[in-house]
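J.: show me how the following folds:
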Amino acid sequence: MKCVGVFAGVGGLELGLQSGGFETELLCEILPEAQAVLRCNFPEVPIVDDIKRIKSLPQDISLICGGFPCQDLSSVGKKRGIEGLQSSLVTEVFRLIKKERCEWVLLENVKFMLHLDKGLAMKHITEALEDLGYKWSYRVMNSQNFGVPQRRERVYILASKNYRPESVLFRDPLGVISPILTRPVDLTFPIGFYWTEGRYSTGLAHDALPPIKGGSTIGIPSPPAILFPSGLVGMPDIRDAERMQGFPENWTTCAEDIVKPGFRWRLVGNAATVGVCKWIAQGIAEYEEFPVEHNKHTGSKWPNAAFGSSGNIFEVQGAHGPCISSSLSTFLNFPIKPLSYRAVTGFIKRAKTGNLKFPEKFIDSLTKYSESL
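T.: The predicted structure is shown next:
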């Protein structure tokens, strides 16, 4: 099976698909630093820098994939929606599949797209797919359920002309949730949090990291912090962050040939988690049609999991994905960078002026750490 990857970033979707049996024939990515990573890791694959320059898909392509730009759909930022300058580029995918036959389409983006503008982005995408003769399915899946300790929920949209995509996305026992996802924050385990925030949000994650962020556009990294049971507070190494997204360590090292090292956090934070994509690819390769339990969707809000065609939307209960647990306690391979006095005291100050609730002794533990510096 052959695929094309657009909005490729550093190749999370493509590496996952490759692990599941797909061969990448063409990549498209506009950022020079991301292109450098792709050239290192997909040396035989041609790269185009702008999807608008792709006139048609190569022959015998069975799947096109893309984590199309999320800047206009994210819960942070200006929330311009699907008509924003960046996120509207997904329409270029529809142009390509209208021109050339392609059996499968795989798209990935932030969960907030289900809610922004009352789900206008989902309405736009599903209607466009139906107009092109595709049946579609989507599911919110958490990377933490795929063997990495990172709480990261993303929407994966899978469409097909001749197959039933819900037979791929819902082939696992529905409603199964990793036990670690339901545990309250317990300070006898490592606790991930955003040290750059504190007043309005913290991203607290039990024995896991909150979603790795892209950082600033000028290369200032924004890695999450971890409070360890020992009292140490620090940030993970970029190589562990790569592994947290399912990449081999040093996957993004080649970016340092043209940008400063801090940009690697942006590249990793913007990537799709490899393990989720591999699981989807395996489902396509081992396709077996089966009935999926569902209800006719009648509400105004888009559910976390659904499939449809011909104007019908069917809701599916359970949207977490397979149950492959992983623990931050045993995952990290590289030394932690201790959080500075200024960073930890800044977080504590913001936390005390906000109205958020914190687990018992969480702030006390951070205060004790700051006093030890």
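
J.: for the helix or strand in which L15 is found, packing partners?
T.: Using DSSP states H and E, L15 sits in helix 12-19. Here helix 12-19 touches strand 2-6, strand 23-28, strand 63-66, strand 104-110, helix 274-285, going by 3 or more C-beta pairs under 8 Å, 6 or more residues apart in numbering; DSSP states H and E. C-beta coordinates here come from the backbone N, C-alpha and C atoms, glycine included.

J.: separation between T91 and G119?
T.: 17 Å (C-beta to C-beta, to the nearest Å).

J.: and E25, what does it touch?
T.: By C-beta atoms under 8 Å, 6 or more residues apart in numbering, E25 lies in contact with K2, C3, V4, V45, P58, I61.

J.: let's see it at 10 Å
T.: Counting by C-beta atoms under 10 Å, 6 or more residues apart in numbering, E25 touches K2, C3, V4, G5, E44, V45, P46, L57, P58, Q59, D60, I61.

J.: which members of the residues you listed are classed as buried?
T.: Buried subset of the contacts of E25 (neighbour count, 16 or more other C-beta atoms under 10 Å): C3, V4, G5, V45, L57, I61.

J.: tell me which two of those residues sit farthest apart.
T.: Maximum pairwise distance among the buried ones among the contacts of E25 (C-beta to C-beta): 14.0 Å, between V45 and L57.

J.: turn the buried ones among the contacts of E25 into a markdown table, including pLDDT and distance to P236.
T.: Conversion of the buried ones among the contacts of E25 to a markdown table gives the following (pLDDT from 0 to 100; distance: C-beta to C-beta, whole Å):
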| residue | pLDDT | distance to P236 |
| --- | --- | --- |
| C3 | 97 | 31 |
| V4 | 98 | 33 |
| G5 | 97 | 27 |
| V45 | 98 | 30 |
| L57 | 94 | 38 |
| I61 | 96 | 37 |
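
J.: next, format those as a markdown table and append distance to F68.
T.: Putting these into a markdown table (distance: C-beta to C-beta, whole Å) gives the following:
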| residue | distance to F68 |
| --- | --- |
| C3 | 15 |
| V4 | 14 |
| G5 | 11 |
| V45 | 19 |
| L57 | 16 |
| I61 | 18 |
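
J.: just these now: which is nearest A205?
T.: G5 (29.1 Å).
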